[in-house]
Structures are given as structure tokens and as C-alpha cells.
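J.: based on what follows, work out the 3D shape:
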Amino acid sequence: MNEAGLDTIWDLLQQDLGNRGLRADPTANLITACPGDLTTACRSICDTPEPVLGIVTGFYIPHATPPCGETDGPLGALFLARAFLPLGIKVLFATDAFCVPALRAGLTACGLAGAVPLITLPTFPESNRLSPQGYTEWFSGQMRAHVGLLTHLIALERAGPSHTPASVRSQLGSTPADWAQFLAEVPPPDYDRCHTMKGRDITPHMSPAHWLFEELPKTLALQTIGIGDGGNE
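T.: The predicted model follows:
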């Protein structure tokens with residue numbers, strides 16, 4: 001596909017149909033923050049010989065009846081698998097236990113039950129007994145057993161932890177004014193926590209899969225891609 005085609009798709013994807021305020025600031029917002037992100041992600045996969053994709057999904061909705069996983073991530077993962085597998089691209093799913101039944105049912109419905117390995121991530125309590133390195137080593141063992149080495153790790157509708165003062169300072173282009181604003185507006189109990197769009201803390205329900213995105217690129221020639229719709233992913 002040419003650049004114009006990708007730009008057209010990008011324009012369609014970047015509409016704020018839910019009026020979430022993604023473009024509230026007309027010049028500096030979640031849309032303008034990553035120009036060319038779709039094209040870069042697509043080219044990265046297309047230009048990689050024999051790509052192998054790990055898709056991490058799962059987003060806990062505590063106020064659902066009963067509490068369960070959001071539907072966006074599992075369905076999106078299934079759509080990606082349906083698109084990539086016919087192209088000869090290996091796909092691996094990784095998610096929390098609360099999303100496993102949905103992904104299993106979806107893989108069966110798509111006729112892909114035997115084609116896409118599905119890894120259940122350690123729970124938050126289990127992960128507390130592991131270091132980020134230990135967690136990553138466990139995942140690497142699962143990865144190698146099922147698909148070999150990943151070339152791409154994709155977070156699809158996956159909440160990562162909020163900033164800390166140290167992580168704000170480490171951001172490229174951040175200024176002392178940004179640090180001061182963070183300290184003034186974000187209370188310490190909200191540091192390093194996973195939140196829903198409404199600010200609900202779902203950290204105890206989420207496996208710390210963000211460790212994979214921080215640790216795996218240190219040892220593998222791995223590209224990371226993020227797909228989300230609200231900015232909290």
C-alpha cells in the first residue's frame with residue numbers, strides 16, 4: 001500500500017467520535033503527538049523478514065456486571081490475527097485470565113484455535129513475587145516454546161501504569177515546568193498505577209505486562225507498537 005492509502009486510513013482512525021477530548025488542544029494533543037505512527041508501524045512489520053508478532057491485550061472493567069474484560073482488545077487481536085496469519089506471519093496472544101475465555105472463543109469462531117498460541121499472564125499477586133527481569137524471563141520461555149523470537153510486541157487496548165516523578169523527568173522534551181505541574185496535579189497514591197478512562201484504579205487486576213515492553217527490547221531486536229483509543233492505554 002502506498003503512503004496516500006495509509007494516510008487515508010490514518011485520518012479515519014484518528015477521528016474522536018466519542019468526543020473524549022483527544023483533540024481538545026488543537027496543536028498539542030494525542031493525535032498530533034505521534035505523527036506518522038500508523039505508517040511507521042505498518043512499514044516496520046512489512047520490512048521485517050519473517051515477522052513474528054506478540055499481541056498483549058486485556059483491559060479490566062471493574063464496574064461491569066459481572067466485572068470482566070473490555071471487548072475492544074480481544075476483538076482487535078482477533079482481527080489482527082485473521083489479517084496476518086494468511087500472510088504467513090506468526091502471531092502469539094498474551095492476556096490476563098479474565099480475557100482468556102473470550103480469546104479462546106474468538107479463536108474457535110475464527111477457525112484459528114490451533115494456529116495462535118494463547119499465553120495466560122501471571123496475576124498481579126503472582127507478579128509481585130517476580131522482578132521485572134524474572135517476569136520477562138518467564139514470558140521469554142513461553143515465547144520461545146510457541147513461536148520462537150518475537151520481532152514485534154504490540155500492546156492492544158492495554159493499560160500501562162501512570163507516570164512517576166522520575167518517569168516524567170525522563171521523557172524526551174520534558175521541562176521543569178512539566179515536572180512541577182505533575183507534582184501539583186497528581187497525588188502520590190496515583191503514581192505508577194493503571195487507571196480506566198474514569199480514573200478507577202485497576203492495578204490489582206492487571207498483570208504488569210508493561211515490564212515486557214521495557215525489558216524485552218534490551219535483549220532482542222524488537223519493535224514495540226501501541227494501539228489504543230483513549231490515551232490511558
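J.: over to Val56: give its phi and psi.
T.: Here is the backbone geometry of Val56 (degrees, to the nearest 10): phi -100, psi 120.
J.: mind checking how far it is from Pro187?
T.: Taking CB to CB, to the nearest Å as the measure, Val56 falls 28 Å from Pro187. The C-beta positions use only the backbone N, C-alpha and C, and glycine is treated the same way.
J.: so the two - more neighbours on which side?
T.: Set side by side, Val56 and Pro187 show more neighbours around Val56, with 26 against 7, by other CB atoms under 10 Å.
J.: so what's the more buried one up against?
T.: 94-95, 121, 153-156, 158, 209, 212 (CB atoms under 8 Å, 6 or more residues apart in numbering).
J.: inside strands: which ones of the residues you listed?
T.: With DSSP state E as the criterion, strands contain 94-95, 153-156 from among the contacts of Val56.
J.: for those, name the two members farthest from one another.
T.: The two members of those with the most space between them (CB to CB) are Thr95 and Leu153, at 13.5 Å.
J.: beta partners of the residue most central in space within the chain?
T.: Per CA atoms, centre = their mean, the C-alpha nearest to the average position across the chain is that of Ala155, at 1.8 Å. Under DSSP bridges, the beta-bridge partners of Ala155 are Val56, Gly226.
J.: which residues in this protein form helices?
T.: In the chain, the helices defined using DSSP state H lie at 3-13, 37-46, 72-84, 100-109, 124-128, 132-146, 165-170, 176-185, 210-215.
J.: distance to Ala24 for those - can I get that in TSV?
T.: Below are these laid out as TSV (distance: least, CB to CB, whole Å):
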stretch	distance to Ala24
helix 3-13	18
helix 37-46	19
helix 72-84	22
helix 100-109	32
helix 124-128	32
helix 132-146	34
helix 165-170	20
helix 176-185	16
helix 210-215	26
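J.: stretch 30-40: end-to-end distance?
T.: End-to-end distance for stretch 30-40: 17 Å, by CA to CA, to the nearest Å.
J.: flag every buried residue along it.
T.: Across stretch 30-40, burial judged by 16 or more other CB atoms under 10 Å covers 30-31, 37-39.
J.: quick check: Leu75 vs Phe59, distance?
T.: Counting by CB to CB, the separation of Leu75 from Phe59 is 12 Å.
J.: of those two, who's got more company?
T.: Phe59 (27 against 16).
J.: so what's the residue lying closest to that one once chain neighbours are set aside up against?
T.: Computed as CB to CB, 6 or more residues apart in numbering, the closest residue to Phe59 that is not its neighbour in sequence is Glu70, at 4.2 Å. Counting by CB under 8 Å, 6+ apart, Glu70 touches 59-61, 157.
J.: now swap in Pro122 and tell me
T.: Contacts of Pro122 (CB under 8 Å, 6+ apart): 130, 135, 138, 207.
J.: mind checking pLDDT for it?
T.: In this model, Pro122 is scored at 97, pLDDT.
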